[in-house]
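J.: My questions concern the predicted model and sequence given below.
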Amino acid sequence: MLLERIEKENDIKELNMEELDQLAGEIREFLIQKISLTGGHLASNLGVVELTIAMHRVFTLPKDKMIWDVGHQSYTHKILTGRRAGFDALRKYGGMSGFPKRKESPCDAFDTGHSSTSISAGLGYVEARDLKGEDYSVISVIGDGAMTGGMAYEALNNAAHLKTNFIIVLNDNYMSISENVGGMSNYLAQLRTADFYTGLKKGVTNALHKIPTVGDHMIEQIRRTKSSIKQLVVPGMLFEDMGITYLGPIPGHDIGMLCRAFREAKKVEGPVLLHVLTQKGKGYAPAEKDPSRFHGTGPFDISTGEPLQKASKDTYTDIFSKVICDIGKHDPNVAVITAAMADGTGLSAFARYFPKRFFDVGIAEGHGVTFAAGLAAGGMHPVFAVYSSFLQRGYDQLIHDVGLQNLPVVLAVDRAGLVGSDGETHQGIFDLSYLGGIPNMTVISPKNRWELADMLRFAVQFDGPVAIRYPRGTAYDGYEKYRAPICYGKSEVIYEEEGIALISVGHMFEEAEKTRRAIKKIGYNCSLINARFVKPLDGEMIDELSKTHRLIVTIEENILCGGFGERVSDYVLKNHIPVQVLSLALPDDYIEHGSVDLLRREVLLDADSMTKRIVTEYVQLQQEEERK
Ligand SMILES: Cc1ncc(C[n+]2csc(CCOP(=O)(O)OP(=O)(O)O)c2C)c(N)n1
Ligand SMILES: CC(=O)[C@@H](O)[C@H](O)COP(=O)(O)O
Ligand SMILES: [Mg+2]
């Protein structure tokens, strides 16, 4: 096994060129075998095996800096930098991350997870290198999907002035998670048909420069000349016109060709873009056939590709998907938006039924928010379904374009709270804080599947922006009968007793309900309230509770800072209400990967830990009062 000879970075340089193809085969087999057990991002990784091998062959780590956009395709890079053993605990708590992490290896130059950051970060490295008079290569690898994100263009625009080397690899596999969308995607499709060239390019560029440039008609003639030949002999003219040397398209599974292209690219004085064509899922038939399904997968049966665990119950996303289709059927003003996550957010069904009212804007959440604002200003009622952590990208747009104009945009904030194995970059643990501070924004969260449906129907009728947050995973189906109509700004009392009152936010209801049962078993009375509205806060309910309770406990899966608990504490403080508030929330920190249940235990937000914390606090309160 050649793979066994790769124990650390640069070991690959010891293999001869003929052995590299065999190594690629062994890596593929290893990835399929390991990911079939742990789950992970399979298809993107299978597509970049040769590309990564060529990069590791030509460049030297950790001196040279490789930046992987999104980072979900960095598994071969991890193998080639001595982390093969880490795949047994890939994305597990305490185990290896599925994304590049500087804290994991000096060969990981930059942490990623969210899309379209690699060119900006790479350019920063280049400028730092040049300012410090250092000598290393910087290579940013960005996918065609990630190239739909605006930040990539801001960075290209900014990089165009460079006079020193900066290598950008455009890994074009014709796919985002689902089919890629938009004008750039169409443009790349045209480039794919052109031939790989290096020497030829120089000749053509020089020839163009030699055409005399006097008089308007002459300039027009040059333009015509350029445009008539551009797709034939100078592909990538768009990049070239910006001042970025284009090399490609390069067959991305030919290691020899890739190595030659990288050696050429190293010689360019300025930014150079290598357009590399790869196949998502390469080498594993089920993933080649259905790359979307194998973009991110749970454990599966290698022989069939079928998932090992089939979901038996609906997820919150499934409920959203069904209800939004029903709403769309009855309300022609409802249009939906996704930022390249049609499958993940459950909008694919809507797209099939109402294609004209479905918009995939690409990986462009900021644009998605402002686009929604425009739709709303034009009389539609847009619903932007977006993961909590990706919506962070649209913060100014939420304030400036939606909130300020009080436009009726619905944000269906999926993957809110802990998401699990994607870890730090993907945990949806900040949205209550960043949404809660936006004037005019209403923020709600359902306790169970039924309430998600009711809240969605409420939101599309509401004249102003509404964010509904719900988590990844199975939708809670308990408490079906507690289905009083959603009333603006009003919470829902589930059990009314005295002494301790729990107010839970959204899906934490399930854990809060278990906590209440445990508290009752210990012998204390305990009320349970479903907050429903995080913003506006139901102040009247807190006033009422304070008459019969000594301790109000808030329970939410959001960081403490700026969350629901702080809102309640602030209300109590400002109104001089004589009640103690205990805010149970996530720490003000980044939370690593691992199963949600395990992570909840780690941060003491599981029912057992919460019961202990609440009872301890309550006993202390009682003792203090006895002492008075
Ligand atoms: C800001 C942001 N939005 C959405 C995503 C979800 N996402 C992860 S990978 C991906 C598709 C990326 O496509 P591409 O860059 O072409 O890489 P490929 O998977 O094809 O290798 C998307 C939409 C993300 N990681 N970050
Ligand atoms: C890499 C990335 O950002 C996505 O592929 C993400 O991992 C999807 O997460 P879900 O599995 O929650 O849809
Ligand atoms: Mg792609």
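T.: Yep, it's here. All of these numbers come straight from a predicted model, not from anything done at the bench. Ligands and ions are numbered 1, 2, ... in the order given.
J.: Give me the distance between the two termini of stretch 426-440.
T.: Stretch 426-440 has an end-to-end distance of 26 Å (criterion: CA to CA, to the nearest Å).
J.: List the buried residues of that stretch.
T.: For stretch 426-440, a neighbour-count test (16 or more other CB atoms under 10 Å) marks His426, Gln427, Gly428, Ile429, Phe430, Asp431, Leu432, Ser433, Tyr434, Leu435, Gly436, Ile438 as buried. All C-beta atoms are positioned from the backbone trio N, CA, C, and that covers glycine.
J.: now, among these, which is nearest to ligand 1?
T.: Within the buried residues of stretch 426-440, the smallest distance to ligand 1 is 7.6 Å, found for His426 (CB to the nearest ligand atom).
J.: can I assume the closest one is in contact with Gly417?
T.: No: counting by CB atoms under 8 Å, His426 stays clear of Gly417, with 11.1 Å between them.
J.: how far out from the middle of the chain is the host helix or strand of Tyr434?
T.: Using DSSP states H and E, the element containing Tyr434 is helix 431-436. Taking CA atoms, centre = their mean, to the nearest Å, one finds helix 431-436 lying 17 Å from the centre of the chain it belongs to.
J.: counting contacts, what elements does it pack onto?
T.: Of the remaining helices and strands, those touching helix 431-436 by 3 or more CB pairs under 8 Å, 6 or more residues apart in numbering; DSSP states H and E are strand 410-414, strand 442-444, strand 466-469, strand 533-535, strand 549-559, helix 564-574.
J.: How about the stretch 501-628 of the chain: which residue is closest to ligand 3?
T.: Closest approach between the stretch 501-628 of the chain and ligand 3, counting by CB to the ion: His593, at 23.0 Å.
J.: Isn't that residue up against Thr425?
T.: No: if you go by CB under 8 Å, His593 and Thr425 don't touch, sitting 9.5 Å apart.
J.: who has more neighbours, these two?
T.: His593 (26 against 20; other CB atoms under 10 Å).
J.: excluding its backbone neighbours, what's nearest that one?
T.: Once flanking residues are discounted, His593 sits nearest to Gly423: 3.1 Å by CB to CB, 6 or more residues apart in numbering.
J.: burial of that neighbour, as a residue count?
T.: 22.
J.: picking up where we left off before, quick one: the helices and strands packed on helix 431-436 as a markdown table, columns for mean pLDDT, distance to ligand 1 and mean neighbour count too.
T.: As requested, these are exported to a markdown table (pLDDT from 0 to 100; distance: least, CB to the nearest ligand atom, whole Å; neighbours: other CB atoms under 10 Å):
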| stretch | mean pLDDT | distance to ligand 1 | mean neighbour count |
| --- | --- | --- | --- |
| strand 410-414 | 99 | 12 | 28 |
| strand 442-444 | 98 | 21 | 25 |
| strand 466-469 | 98 | 17 | 27 |
| strand 533-535 | 98 | 24 | 23 |
| strand 549-559 | 98 | 19 | 25 |
| helix 564-574 | 98 | 25 | 19 |
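J.: quick one: the strands in the stretch 351-500 of the chain?
T.: 358-360, 381-387, 410-414, 442-444, 466-469, 492-495, 499-504 (DSSP state E, counting those that start in this stretch).
J.: To ligand 3, which of the ones you listed lies closest?
T.: Nearest to ligand 3, of all these, is strand 358-360, at 14.2 Å by CB to the ion.
J.: Which strands border the closest one, and is each parallel or antiparallel?
T.: strand 334-338 (parallel) (DSSP bridges).
J.: From the chain's centroid, how far away is the strand it pairs with?
T.: 19 Å.
J.: Compute the inter-axis angle for that strand and strand 410-414.
T.: Strand 334-338 and strand 410-414 are oriented at 40 degrees to each other (axes from the mean of the first three to the mean of the last three CA atoms, to 10 degrees).
J.: helices or strands next to the helix or strand that comes right after strand 334-338 in the packing?
T.: Once the chain leaves strand 334-338, the next helix or strand it forms, by DSSP H and E, is helix 342-345. Packing contacts for helix 342-345, counted by 3+ CB pairs under 8 Å, 6+ apart, involve helix 316-330, strand 381-387, strand 410-414.
J.: Counting neighbours, what do you get for whichever residue of the stretch 351-500 of the chain sits closest to ligand 2?
T.: The nearest approach of the stretch 351-500 of the chain to ligand 2 comes at Asp422, 4.7 Å away (CB to the nearest ligand atom). By other CB under 10 Å, the residues close to Asp422 number 22.
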